[in-house]
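>>> Got a predicted model here, sequence first, then my questions.
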Amino acid sequence: MATNATSQAAGMRRDGLQSRNIRLDGKRTSIRLENALWEALEDIGTRENKSTTELCAIIADRKTGTNLTAAVRLFIIAYFRLAAHGMDKAPLAKLGTASKQQGKHHSRLMTSALTHIT
């Protein structure tokens, strides 16, 4: 087990939360999640062929009335709940006006999970 100094140096707190800095629209922001949730977000990114920063940017564009950290948590829960209920990845769908302009495609599963954060 890492010492307190080592954990703090790595951005981890004793309670298992880890802060990470990401850039959204050129601005640095910090998100603090449990390690298991960071791993889950990375798993989603791998499945959706997106980086953690890309996922956070998509979530930030869709969230309303909640902070980004809460929206990320809701998205992760919704994504895996939908997956557990058999939501498949096909067909691909375009999401939102900004996504259409950029030509970004999202799986049906991801599109559905994003509706749970608004």
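On my side now, so go ahead.
>>> okay, and the helix or strand of this protein with the least pLDDT?
For the chain, scoring each helix and strand by mean pLDDT, DSSP states H and E identifies helix 96-102 as the least confident one, at a mean of 38.
>>> what sits against residue 52?
Remark: with contacts taken as CB atoms under 8 Å, 6 or more residues apart in numbering, residue 52 is in contact with 20, 22, 38, 41-42, 45. Where C-beta positions appear, they are placed from N, C-alpha and C, glycine not excepted.
>>> Can you tell me which of these are buried?
For those, a neighbour count by 16 or more other CB atoms under 10 Å gives the buried set as 22, 38, 41, 45.
>>> Show me which of those residues is closest to residue 31.
Nearest to residue 31 among the buried ones among the contacts of residue 52, counting by CB to CB, is residue 22 at 6.5 Å.
>>> Skipping adjacent residues, who's closest to that closest one in space?
Setting aside the residues directly before and after it, residue 22 is nearest to residue 53 in space (CB to CB, 6 or more residues apart in numbering), at 4.9 Å.
>>> residues contacting the one you found?
Residue 53 makes contact with 22-24, according to CB under 8 Å, 6+ apart.
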